[in-house]
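S.K.: Show me the folded form of this:
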Amino acid sequence: MAEYIGAVDQGTTSTRFIIFDKNGRIVGLDQKEHEQIYPEPGWVEHDPLEIWANTQEVIRGALLKSGIKGSQLAAIGITNQRETTVVWDRLTGKPYYNAIVWQCTRTHEICKELMENGGQDRFREVTGLPVATYFSGPKIKWILENVPEARAAAERGDALFGTMETWVIWWLTGGPKGGAHVTDVTNASRTMLMDLKKLEWDEDIMKIMGVPRQMLPRIVPSSDAATWGSTDEHGPLQARVPVCGAVGDQQAALVGQTCFTPGEAKNTYGTGCFLLLHTGHEPIPSRHGLITTVAYQFSGRQPSYCLEGSIAIAGALVQWLRDNMGMFEDAAEVEELAKQVENTGGVYVVPAFSGLFAPYWRPDARGVIAGLTRYVNKHHIARAVLEATAYQTRDIVEAMNRDSGVPLTSLKVDGGMVRNELLMQFQSDVLNVPVTRPSVAETTCLGAAYAAGIASGFWNERSELIENWQEDRTWSPRMEEETREQGYRGWKKAVDRTLNWVE
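M.R.: Just a heads-up that it's a prediction; the model follows:
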C-alpha cells in the first residue's frame, strides 16, 4: 500500500526531493545546490547533466534519511524553475548547450527584433505575455541560431526542447529509452509559444521564432490521470512509480497554498518573488504590466488562470550582500543586522541587476543604491535590502488591483524568506493588509505533490487538500498611513533612477 507521495523541486539554485504523508506533512527531504554559470555580464546558465545527477542523488538521499522505500510512494510530481531552457539530443540525452536560465538577458537583441513589428505586446493577445528576455521562446531561438549542431538536429527531428520539468520527466521515465517528452500547461504558458485559450502551440509564433514543431513537447494537464510513464526499478527510486504531476514553481505554490477560489492570492519569496492572483476559468488580459498565465489544470477539468507579477531579484539580493559584498556568512543573519536600526536612514536599494521585471519590463534598468549619506552604515543597507522585496511586491499589488478591479484584502506567503519576521511585518505595513504564513512553508513542493496525488488517487478531492492547510502566523499592518505613502514615494523615485542605464 502506497503511504506517501514524492515531489522533485528543481529550483534555480538547488534541487530537492521531498516526501509527504497523507496530511501534507514532510517526512523526508534532501537538497543539493548546483553551479551558477555566468559566462558574460547578464548571462546565466546551468549544466543540465549536473542537475539530473543531483536529482537522482536527492531522491536517494531523502529515501535513505527517512527509511522509506521507493515502492511506498504512490506517485511523483515535479515542480521547477520556469522558462529555463534546455535543448538536447533525443538519442543520447546530451544537451547541445547549457540550460539558459530564466534570469539570463542574452536574448535582448532577439527581443528587440521581435518588437520591431508589433511592439512589446505583439504576442500578448495569444500568449498573455509581453516580449521579454524572461521567456523560453527567444532562448530556444538563441540556441538554434548560435549552436549549429542544435539547428541541424532540430531540422532532422533529433533535438528536443524542454523547460526543466520536461528534462527531469524525460529522464525519470526512461530518457533515450522512450522517456515521455511532455510539458504541463503552466510551463507551456511561459514559453511565449502557446495559445493561452486553446492550450496548443501557436503555428504563427513558432514560424516567427524559427522553432520547428517537432522539437516541442506534448502539452498535458498539470495533474494528469493518464500518466506519462513510470520510474524504472534500476533508477534512484528502485521501483516503478507513476510520474503524473508537474507544475511550474510559482503555480505549484498557488496549488500548495490551496488558492482554488478566484480572488485568492499568494506571494512566494525565493530567488525572485512571484505574486499570483487566481482569476477563474477565463484569462484576464493585463493592462498594467502583469502576465496572464495558466494557474493549473486538473485532468478532465477546465484550466484555471491567474494574473502574475514577477520580480527577478528578491532572495538573490540577500545572497548578493553575502557573496559579493561579504557582509555576513549566512543569509539568515541579514535580519539581525537590519534589526539594529529603526529605519533605512533614507536609503533605497533597487536590485535591477538584469533589468526590471513586472510591472515595468525594462531591460535597460540597472541596480542602484540611492539616498546615501555619511550617516548610513551596513545595518541601514541590510534593512533597505529587505524593504526592497516588500516595495517590489507593492508595485505588483498596485498593478493587480487595477487589472482585476478587486483590491487585495489579505496575502498568503511562502518561500525561504518568510522566516524573516522583520520582512513579513514590513510587507504587511507597506501593503496595509494581513500577511499569513502557513505551517508548511514548502508550498511549492507540496503543490507538485498535490498534483501527482490527485492524479494517482492518493487524494480524492481538493477539499482534502484544503483541510491540510494550516496557518502558522499572521502579521497585521501597524504603520501610519503617512509613513507608508512617504516610504513608497521614495521607492518610486529610486526606481526612476535605474531606468535608461543601458543604452
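S.K.: Pretty sure Ile110 sits against Leu144.
M.R.: No - with contact defined as CB atoms under 8 Å, Ile110 does not count as touching Leu144 (10.7 Å). Backbone N, C-alpha and C define where each C-beta goes, glycine included.
S.K.: who has more neighbours, the two?
M.R.: Leu144 (25 against 18; other CB atoms under 10 Å).
S.K.: Run a quick neighbour tally on the spatially closest residue to that one that is not a sequence neighbour.
M.R.: Once flanking residues are discounted, Leu144 sits nearest to Arg151: 4.8 Å by CB to CB, 6 or more residues apart in numbering. Burial measure for Arg151: 18 neighbouring residues, criterion other CB under 10 Å.
S.K.: Which of the helices or strands spans Arg151?
M.R.: helix 148-156 (DSSP states H and E).
S.K.: Dihedrals phi and psi, Val318?
M.R.: phi -70, psi -40 (degrees, to the nearest 10).
S.K.: what number of residues lie near it?
M.R.: For Val318, the neighbour count with other CB under 10 Å is 28.
S.K.: how about stretch 394-409: buried residues?
M.R.: Judged by neighbour count (16 or more other CB atoms under 10 Å), stretch 394-409 contains these buried residues: Arg394, Asp395, Ile396, Val397, Glu398, Ala399, Met400, Asp403, Ser404, Leu408.
S.K.: which non-adjacent residue is nearest the last one?
M.R.: In this structure, Leu408 finds its nearest non-sequential neighbour in Val397, 5.4 Å apart by CB to CB, 6+ apart.
S.K.: quick check, that neighbour in a helix?
M.R.: Yes - Val397 forms part of a helix when assessed by DSSP: H, G, I helix; E, B strand; the rest coil.
S.K.: Please tell me how far it sits from Glu387.
M.R.: 15 Å (CB to CB, to the nearest Å).
S.K.: do Leu144 as well
M.R.: Computed as CB to CB, the Leu144 to Glu387 distance reads 42 Å.
S.K.: do Cys273 as well
M.R.: From Cys273 to Glu387 the distance is 13 Å (CB to CB).
S.K.: Give the residue from these two that has the larger number of neighbours.
M.R.: Between Cys273 and Glu387, counted using other CB under 10 Å, the more crowded position is Cys273 (28 against 24).
S.K.: re earlier: out of the buried residues of stretch 394-409, which is nearest to Val8?
M.R.: Nearest to Val8, judged by CB to CB, of those is Ile396 at 27.9 Å.
S.K.: hmm, back to that, so for the helix holding Arg151, what gets flagged as buried?
M.R.: Of all the residues in helix 148-156, those buried under the rule 16+ other CB under 10 Å are Ala150, Arg151, Ala153, Ala154.
S.K.: so which pair among those is furthest apart in space?
M.R.: The largest separation in those, counting by CB to CB, is between Arg151 and Ala153 at 7.4 Å.
S.K.: isn't the residue nearest to Leu144 right up against Trp142?
M.R.: No - Arg151 is beyond contact range of Trp142, at 11.3 Å (criterion: CB under 8 Å).
S.K.: No more questions from me, cheers.
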